[in-house]
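*Asks:* Sequence and computational prediction follow.
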There are 2 protein chains.
Amino acid sequence: MVRPLPFDPIEEAGRQWGAQEWDEVGAMQAATSIMRAQQIVLARVDEALRPWSLTFARYEVLVLLHFSKEGVLPLGKMGDRLMLHQASITNLVDRLEQQGLVKRVPHPTDRRTTLAQLTGEGRSVVGDATKAVVAAQVGVAELSDRDARDLHRILRKLRAGADDFES
Amino acid sequence: MVRPLPFDPIEEAGRQWGAQEWDEVGAMQAATSIMRAQQIVLARVDEALRPWSLTFARYEVLVLLHFSKEGVLPLGKMGDRLMLHQASITNLVDRLEQQGLVKRVPHPTDRRTTLAQLTGEGRSVVGDATKAVVAAQVGVAELSDRDARDLHRILRKLRAGADDFES
DNA sequence: CCAGATTACTTTGACTTCCAACTATCTGTC
DNA sequence: GACAGATAGTTGGAAGTCAAAGTAATCTGG
């Protein structure tokens, strides 16, 4: 994909950022670290999901449906949970439907609402795909349990501040 | 953009992941935290850059050029530093060129290579835009210096493992 | 009870990212 | 020196994201 560098690009950026007398070097490095880490995790999980022609985004939709009792959820609810725009959910469900993993069904009482329902194959695929994702340690193999916990704790502050959820 | 939830979606996901007897709950929560954090940071920085019609990606290109002595770099080198695919750099430089912030110039000796060069306006925009990015604390306002340092330290392990750079 | 506001989803269009294929140019080797 | 292989960048296509506008259905206040 990309050639490895002979130095850590974020250390280097910190050095040069400071040399320009720009502030918030630590914040810049933290932010940049998050961006790169996301790139890495996404690439690894997508790789693990390739056998099912799934992406992380579509996999998340399947997992969310799997977690709901009947394997059925309104599209809007999924958008809220996954922090995605309505149009993105429409698009993801379109593709999952084409793949036969999900099917759209009308809401029994509210005719504005469309429900996504896990198909039999969808349910089976979630299970298999999750095994692969777990085997890939969800893309964060280098982190100890302690690291994972610390990371989660620190990023929770960020998410809480972004109104990600009511705390 | 999206409605806030009455609970922390990552805590909830951890609960349900465990209830399915799936492993690596901690890794899953760490990975998901990274994905959401990236979404938040990206949105905030993009917002700060809106007055210049810049995105984080294009801003990073400008900063990289600004850091180089002459404001000139081969496209490929920028792809390596920013961990982006060649095609992405081509696209970013296309747009920056349309915006008049960068201009393509031929490499003096290697005719395969194209150099991107910061224009006068480009150099001025980097400075102004950086003030805005710093004012927005690079999107990680909630993190203390300590948090930022810890985050950087933990994610460095992940990046090192991904061959992001030679350690 | 009904007009206006709200809600749910889809559509369209602009961007970004990657991959794969392609063109052009160098480089190392015999 | 010639040629096979590597390297640099561009192009086209698939996927995903968001914003804004459109359609349909439901809710609400007078």
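*Replies:* Yep, it's here.
*Asks:* what about stretch A:157-167 and DNA strand D, touching?
*Replies:* No. Shown here: stretch A:157-167 not in contact with DNA strand D (CB under 7 Å from any atom of the strand), separated by at least 12.4 Å. All C-beta atoms are positioned from the backbone trio N, CA, C, and that covers glycine.
*Asks:* model confidence over that stretch, on average?
*Replies:* Averaged across stretch A:157-167, pLDDT comes to 83.
*Asks:* cool, stretch A:108-121 as well?
*Replies:* Throughout stretch A:108-121, pLDDT has a mean value of 96.
*Asks:* ok, residues contacting that stretch?
*Replies:* With contacts defined as CB atoms under 8 Å, 6 or more residues apart in numbering or on different chains, stretch A:108-121 is touched by A:61-62, A:65-66, A:70-76, A:78, A:93, A:96, A:100-107, A:126.
*Asks:* Endpoints of it, how far apart?
*Replies:* 23 Å (CA to CA, to the nearest Å).
*Asks:* buried sites along it?
*Replies:* Neighbour-count burial for stretch A:108-121 flags A:114-116, A:118-119 (criterion: 16 or more other CB atoms under 10 Å in any protein chain shown).
*Asks:* got those residues as CSV, with distance to A:Arg159 and secondary structure columns?
*Replies:* Shown next, in CSV, are these (distance: CB to CB, whole Å; DSSP: H, G, I helix; E, B strand; the rest coil):
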residue, distance to A:Arg159, secondary structure
A:Thr114, 28, strand
A:Leu115, 28, strand
A:Ala116, 25, strand
A:Leu118, 27, strand
A:Thr119, 32, coil
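*Asks:* So what touches stretch A:70-87?
*Replies:* A:57, A:60-61, A:64-65, A:88-90, A:92-93, A:105, A:107, A:113-118, A:122-123, A:164, B:1-3, B:5, B:9, B:36, B:39.
*Asks:* so how far is it from its chain's centroid?
*Replies:* Distance of stretch A:70-87 from its chain centroid, counting by CA atoms, centre = their mean, to the nearest Å, is 14 Å.
*Asks:* so where's chain A uncertain?
*Replies:* Along chain A, the model assigns pLDDT under 70 to residues A:1-4, A:167.
*Asks:* for the closest residue to DNA strand C within it, phi and psi?
*Replies:* Relative to DNA strand C, the nearest point of chain A is A:Gly76 (2.4 Å; CB to the nearest atom of the strand). Phi and psi for A:Gly76, reported as degrees, to the nearest 10, are phi -60, psi -40.
*Asks:* Give me the angle between the helix ranked longest in chain A and helix B:25-49.
*Replies:* Taking DSSP state H as the criterion, chain A has its longest helix at helix A:25-49. Helix A:25-49 and helix B:25-49 are oriented at 120 degrees to each other (axes from the mean of the first three to the mean of the last three CA atoms, to 10 degrees).
*Asks:* Measure how the helix or strand just after helix A:25-49 sits relative to helix A:25-49, angle-wise.
*Replies:* Downstream of helix A:25-49, the next assigned helix or strand under DSSP states H and E is helix A:56-67. Helix A:56-67 runs at 70 degrees relative to helix A:25-49, counting by the same axes, to 10 degrees.
*Asks:* anything in the helix or strand following helix A:56-67 near DNA strand C?
*Replies:* With elements assigned by DSSP H and E, the helix or strand that comes after helix A:56-67 is strand A:72-74. Yes. With CB under 7 Å from any atom of the strand as the measure, strand A:72-74 is seen reaching DNA strand C through A:Pro74.
*Asks:* Give the buried residues for strand A:72-74.
*Replies:* A:73-74.
*Asks:* same thing with stretch A:45-54?
*Replies:* A:45, A:48-49, A:52, A:54.
*Asks:* And the furthest pair within the residues you listed?
*Replies:* Pairwise distances among the buried residues of stretch A:45-54 were taken by CB to CB; the largest, 11.9 Å, belongs to A:Val45 and A:Trp52.
*Asks:* thinking again about what came up before, make a ChimeraX selection of the buried ones in the contacts of stretch A:108-121.
*Replies:* Buried members of the contacts of stretch A:108-121, defined by 16+ other CB under 10 Å, are picked up in ChimeraX with:
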select /A:61,62,65,66,71,73,74,75,78,93,96,101,102,126
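*Asks:* related to what we said a few turns ago, from the buried residues of stretch A:108-121, which single one is nearest chain B?
*Replies:* A:Leu118 (13.7 Å; CB to the nearest CB).
*Asks:* what's across from that closest one in the sheet?
*Replies:* A:Val102 (DSSP bridges).
*Asks:* How about the residues of chain A by DNA strand C?
*Replies:* A:1, A:39, A:43, A:74-77, A:79, A:86-87, A:89-91, A:93, A:104, A:107, A:110, A:112-115.
*Asks:* Identify the spatial nearest neighbour of A:Gly161, chain neighbours not counted.
*Replies:* B:Glu142 (3.9 Å; CB to CB, 6 or more residues apart in numbering or on different chains).
*Asks:* Might you report the residue contacts of the one you found?
*Replies:* Counted by CB under 8 Å, 6+ apart, B:Glu142 has contacts A:157-158, A:160-161.
*Asks:* Can you verify it is assigned to a strand?
*Replies:* No. Using DSSP: H, G, I helix; E, B strand; the rest coil, the assignment for B:Glu142 is coil, not a strand.
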